[in-house]
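Participant: Test case, fold it:
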Amino acid sequence: MALDPDAVLLQVEAHLLSVLGQDSGRAGVSFLGTERIDVLRFGPDPDGLVRYATLGMSRAPMGDPGALVVLEDGPRAELLLSVTDLHDTVLRRLAVLAASPSVEGVVLVPGAGLDLGEPLWDGSRFTAVLVGEPGGLVPDLELEGHEPVRFLPLLPMTPNEAAWKRVHGAQALEQRWLERGTDLRDPHRAEVDLSAP
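Facilitator: As a prediction, this is how the structure comes out:
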């Protein structure tokens with residue numbers, strides 16, 4: 001049985017609010033030929049942490065929009081970004097990333113890299129993101145009889161980190177971050193050392 005897209009989004013929003021609390025702001029972005037994407041802001045919390053979550057990407061399963069047969073079921077997801085500062089200029093860029101499955105037919109999975117070709121927010125050194133593993137901050141949202149909605153964390157990458165990841169793979173970059181104790185939520189963090197170990 002087909003899912004009502006609006007009902008899915010209502011469930012997703014309720015799920016986000018139950019986990020992250022009341023949002024502190026939101027913006028809606030529409031692109032030509034696509035449905036509106038909302039981006040919700042949560043925080044800053046007492047530690048200054050701000051979380052941004054998309055709402056609208058899970059309206060439909062990810063897949064090839066040019067396919068002859070449109071699947072009723074498939075992977076659904078929303079995007080999450082955590083930073084230790086308010087950076088509301090990220091809202092439109094997050095909406096661009098969230099629209100990519102419906103515009104370009106990409107299926108976003110952990111380990112995928114997404115390149116914006118512009119700063120992630122105004123003044124940012126990061127121009128790309130690595131899609132992280134779901135289920136950490138926001139658990140999957142179960143949809144009866146269908147694949148769950150997964151909440152994919154985005155890890156900001158500099159152009160050099162993104163290029164290094166394309167050569168060596170996502171796991172190698174994540175290992176490099178881990179070994180160097182990189183705080184991926186720090187909007188002012190230095191680029192990780194990518195020279196030979």
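Participant: and the residue nearest the centre of the chain, what does it touch?
Facilitator: The centroid of the chain falls nearest to residue 79 when counting by CA atoms, centre = their mean (2.7 Å). Shown in contact with residue 79 (CB atoms under 8 Å, 6 or more residues apart in numbering): 53, 54, 57, 94, 97, 98, 108, 151, 152, 153, 154. The C-beta positions use only the backbone N, C-alpha and C, and glycine is treated the same way.
Participant: Please apply the same query to residue 74.
Facilitator: Under the criterion of CB under 8 Å, 6+ apart, the neighbours of residue 74 are 61, 62, 63, 107, 147.
Participant: neighbour-wise, which of those residues leads?
Facilitator: residue 62 (21 neighbours; other CB atoms under 10 Å).
Participant: mind checking pLDDT for that one?
Facilitator: Per-residue pLDDT puts residue 62 at 87.
Participant: what about it, distance to residue 168?
Facilitator: 26 Å (CB to CB, to the nearest Å).
Participant: what pairs with the longest strand anywhere in the chain, and is each one parallel or antiparallel?
Facilitator: Ranked by residue count and defined by DSSP state E, the top strand of the chain is strand 146-157. The pairing partners recorded for strand 146-157 under DSSP bridges are strand 76-83 (parallel), strand 128-131 (antiparallel), strand 141-143 (antiparallel).
Participant: Please enumerate the helices of the chain.
Facilitator: For the chain, helices defined by DSSP state H occupy the ranges 5-20, 90-104, 159-168, 170-179.
Participant: Which of those sits closest to residue 119?
Facilitator: Proximity to residue 119 (CB to CB) singles out helix 90-104 among the helices of the chain, at 8.0 Å.
Participant: and residue 24, what does it touch?
Facilitator: By CB under 8 Å, 6+ apart, the neighbours of residue 24 are 41, 42, 43, 44.
Participant: if I pick the nearest residue to the last one once chain neighbours are set aside, what's in contact with it?
Facilitator: Translated: residue 44. Spatial nearest neighbour of residue 44, chain neighbours left out: residue 50 (4.9 Å); criterion: CB to CB, 6 or more residues apart in numbering. Under the criterion of CB under 8 Å, 6+ apart, the neighbours of residue 50 are 41, 42, 43, 44, 82, 83, 84, 85, 86, 87.
Participant: switch the cut-off to 10 Å
Facilitator: Each residue near residue 50 by CB atoms under 10 Å, 6 or more residues apart in numbering is listed here: 24-25, 41-44, 81-88, 90, 185, 187.
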